[in-house]
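Chemist: Sequence first, predicted model second:
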Amino acid sequence: MARPKNKSDLISLGQENYKLLNELVDSYSAEEQESDFPPGTLNRNIRDVLAHLHHWHLMFLGWYEAGMKGEKPEMPAKGYSWKTTPDLNLEIRKRYTRTPLSEVRKMLETSFHDVLNIIESHSNEELFTKKRYKWTGSTSLGAYLVSATSSHYDWAIKLIKRAKR
């Protein structure tokens, strides 16, 4: 499916890619799920990838909360710019290093539903009208949500498949 351009497609592709991601993880044995990827990737294993997704959900939720109150969210995170996202992603990886995969999966499930609830609470117009909200700049709320959901899950699926070959 192409990049979502309406609420229905955003929900559908987000849910579908999230389901595919979980099915992919579940297709590996417990040992494979816990094993490290070959050298050369920032995220060292499945836990790191899922924790990355969870943390980006949390960051989006923070941006949304601040932005909808009329505040200017710190994006991508306090002390980071979009140019320094690799440094931020490294900090995210370090933050969850001691968190068991089972716990990360529960946290991801919760944050996934939190983001999905935001999508469901908005109309198509609210999601996909550019410049509707000051905090989203020249783009739409939906564009942020595509990046936080379906596109990010697709990235995770591809990374895990590549690393587990």
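Modeler: Yep, it's here.
Chemist: Name the residues of the longest helix belonging to the chain that come out as buried.
Modeler: When the chain is parsed with DSSP state H, its longest helix is helix 46-68. Neighbour-count burial for helix 46-68, with 16 or more other Cβ atoms under 10 Å as criterion, is recorded at 46-61, 63-64, 67. The C-beta positions use only the backbone N, C-alpha and C, and glycine is treated the same way.
Chemist: Next: stretch 122-131.
Modeler: Buried-residue list, stretch 122-131, by 16+ other Cβ under 10 Å: His122, Leu127, Phe128.
Chemist: Give me the phi and psi for the last one.
Modeler: This points to Phe128. phi -120, psi 10 (degrees, to the nearest 10).
Chemist: how about it, what does it touch?
Modeler: Lys5, Asn6, Lys7, Ser140, Leu141, Gly142 (Cβ atoms under 8 Å, 6 or more residues apart in numbering).
Chemist: burial of the fourth one, as a residue count?
Modeler: Which is Ser140. Here the number of neighbours of Ser140 (other Cβ atoms under 10 Å) works out to 20.
Chemist: Make JSON lines from the contacts of Phe128 and add pLDDT, distance to Leu116 and secondary structure to it.
Modeler: JSON lines is the format used below for the contacts of Phe128 (pLDDT from 0 to 100; distance: Cβ to Cβ, whole Å; DSSP: H, G, I helix; E, B strand; the rest coil):
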{"residue": "Lys5", "pLDDT": "95", "distance to Leu116": "18", "secondary structure": "coil"}
{"residue": "Asn6", "pLDDT": "97", "distance to Leu116": "16", "secondary structure": "coil"}
{"residue": "Lys7", "pLDDT": "98", "distance to Leu116": "11", "secondary structure": "helix"}
{"residue": "Ser140", "pLDDT": "98", "distance to Leu116": "17", "secondary structure": "coil"}
{"residue": "Leu141", "pLDDT": "98", "distance to Leu116": "14", "secondary structure": "helix"}
{"residue": "Gly142", "pLDDT": "98", "distance to Leu116": "13", "secondary structure": "helix"}
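Chemist: Out of those, who's the most crowded?
Modeler: Top of the contacts of Phe128 by neighbour count (other Cβ under 10 Å): Gly142, with 26 neighbours.
Chemist: Specify the residue positioned farthest from the middle of this protein.
Modeler: The centre of the chain is farthest from one residue, Glu31, which by Cα atoms, centre = their mean lies 24.7 Å away.
Chemist: That one: which element?
Modeler: Using DSSP states H and E, Glu31 sits in helix 30-34.
Chemist: quick check: mean pLDDT across that helix?
Modeler: For helix 30-34, the mean per-residue pLDDT is 96.
Chemist: Return that helix as PDB; C-alpha atoms alone will do.
Modeler: Provided in PDB are the C-alpha atoms of helix 30-34 (Å, rounded to 0.1, in the frame of the first residue of the first chain):
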ATOM      1  CA  ALA A  30      13.100 -17.500  21.800                       C
ATOM      2  CA  GLU A  31      16.800 -17.900  21.300                       C
ATOM      3  CA  GLU A  32      16.800 -16.100  17.900                       C
ATOM      4  CA  GLN A  33      14.700 -13.300  19.300                       C
ATOM      5  CA  GLU A  34      17.300 -12.700  22.000                       C
END
